[in-house]
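*Asks:* sequence first, then the predicted structure:
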Amino acid sequence: MMDLAPGFEISQIPVNTAPALDSFNITPVADDYSSYERSGFLGWLDYNLDPIDLTGPANYSGGKFIDHTLSIGWDVAAVYGLTTAFGLSNWEWGDSGFQVKSEGWFGDDTKYAGVDKLGHAYTAYLLSDYFAQRIAHSSSDPSGANVSGALLSMGVMTYIEIFDGFSGGHGFSPEDFVADASGALFSYVRSAVPGLADKIDYRMEYIPSGEVGFSPATDYAGQKYVLALKLAGFDEFKESPLRFFELQAGYYARGYTDEGREEDEDQKRETFVAVGLNLNEILRETPLDGTIPGKALRNTLHYVQVPYTYVPTGGY
């Protein structure tokens, strides 16, 4: 028996002659059909906030990539438009000829001690997930949406890197490009391997450093990056109180920005491990669970590490 989308049922078609094979008619169930459309914007929002499982074979092709891209054409255009506006106003695009600059990775002699590289991976990962789920909710054939999402993300990140090459203060960084690819690949693997998204999150924590105001994207002195292993994703802990906890590993650096150097701040690069709260599991136990605000918060918590919700080895 074939699997059907929610809201449809199978009924046998009456025929006057005995067919070689049974014939069936697939029709919408009156009570469930177009429930999101009848609910207007809130129904659309509710639908898009429910993640779609993207595991399984993709049967991928160039034609499918084009179809997927066209299904979210306005999203793609908006991302490129906002990126261009931000780059021209903040990254000095176009003020020099093209140049390549090797920036290093996490060394003490690097500009941001590697925090920017984790930021590049995080941005590519975030964009990949966003594009993949938008495709899954918009395309008539969502299989392989995670492949298209990763490719679209790399398109945006490559666009950024190329135009960084025309900025005297940046330049095209091979390390940035590798970090971008790592983030897009992580997004694909996390969505393609069954159960992996239930076990692992990659998040950014941000507390303004006071150096550049509120700027989560560029305030590297206020960022921490966290990889969280969620015990709730393992069968052994799903019914245990341990499901409310997770194991974390993180990295941050302080004193490596231009502002920090000017003020002669102490420089430090810190890795840490921690025991944290799984806020999504706690959310399941509240009245918000299943509501539109609750779903929006649940999606956000996959990517944002809330400060002071974990106990690290080295303190804050």
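*Replies:* Good, I have the coordinates. Residues are numbered from 1 along each chain as shown.
*Asks:* now do the SS call for the closest residue to Leu247 other than its chain neighbours.
*Replies:* Nearest non-adjacent residue to Leu247, counting by CB to CB, 6 or more residues apart in numbering: Leu229, 4.5 Å away. (C-beta placed from N, C-alpha, C; glycine too.) Here Leu229 is strand, with the state taken from DSSP: H, G, I helix; E, B strand; the rest coil.
*Asks:* is Tyr306 in contact with Glu205, as I believe?
*Replies:* Not Tyr; residue 306 is Val. Yes. Assessed by CB atoms under 8 Å, Val306 is found in contact with Glu205 at 7.5 Å.
*Asks:* go through stretch 135-152 and flag the buried ones.
*Replies:* Neighbour-count burial for stretch 135-152, with 16 or more other CB atoms under 10 Å as criterion, is recorded at 135-139, 142-152.
*Asks:* could you give the average pLDDT over it?
*Replies:* Mean pLDDT, stretch 135-152: 96.
*Asks:* with stretch 207-227 instead?
*Replies:* Averaging pLDDT along stretch 207-227 gives 89.
*Asks:* how long is that stretch from one end to the other?
*Replies:* 17 Å (CA to CA, to the nearest Å).
*Asks:* would you map the strands across the stretch 51-200 of the chain?
*Replies:* 200-206 (DSSP state E, counting those that start in this stretch).
*Asks:* can you give me the helices for this protein?
*Replies:* 35-38, 40-49, 62-71, 73-90, 115-138, 145-164, 174-192, 258-262, 279-284, 292-301 (DSSP state H).
*Asks:* now, the most widely separated pair of the buried residues of stretch 135-152?
*Replies:* Largest separation among those by CB to CB: His137 and Leu151, giving 17.8 Å.
*Asks:* enumerate every residue touching Ala232.
*Replies:* 198, 238, 243-244, 246, 278, 280-281 (CB atoms under 8 Å, 6 or more residues apart in numbering).
*Asks:* now swap in Ser140 and tell me
*Replies:* Contact partners of Ser140, counting by CB under 8 Å, 6+ apart, are 67, 71.
*Asks:* Glu182: neighbouring residues, count only.
*Replies:* To be clear, residue 182 is Ser; Glu isn't right here. 16 (other CB atoms under 10 Å).
*Asks:* can you tell me how far it is from Glu262?
*Replies:* Ser182 sits 31 Å away from Glu262, going by CB to CB, to the nearest Å.
*Asks:* ok, now Phe272?
*Replies:* Phe272 sits 27 Å away from Glu262, taking CB to CB as the criterion.
*Asks:* between these two, which one's more packed in?
*Replies:* Between Phe272 and Glu262, counted using other CB under 10 Å, the more crowded position is Phe272 (17 against 9).
*Asks:* not counting residues beside it along the chain, what's closest to Gly135?
*Replies:* No, residue 135 isn't Gly; it's Ile. Spatial nearest neighbour of Ile135, excluding adjacent residues (CB to CB, 6+ apart): Ala145 at 4.0 Å.
*Asks:* surely the one you found is in contact with Asp67?
*Replies:* No. At 10.6 Å, Ala145 does not count as touching Asp67 under the criterion of CB under 8 Å.
*Asks:* shared neighbours of those two, which are they?
*Replies:* Joint contacts of Ala145 and Asp67 (CB under 8 Å, 6+ apart) are Ser139.
*Asks:* which residues does the residue nearest to the spatial centre of the chain contact?
*Replies:* Geometric centre of the chain, nearest residue: Leu126, 2.7 Å, by CA atoms, centre = their mean. Neighbouring residues of Leu126 by CB under 8 Å, 6+ apart: 183, 303.
*Asks:* at 7 Å instead, please
*Replies:* Contact partners of Leu126, counting by CB atoms under 7 Å, 6 or more residues apart in numbering, are Tyr303.
*Asks:* please apply the same query to Leu196.
*Replies:* Applying CB under 7 Å, 6+ apart to Leu196 gives the contacts 189-190.
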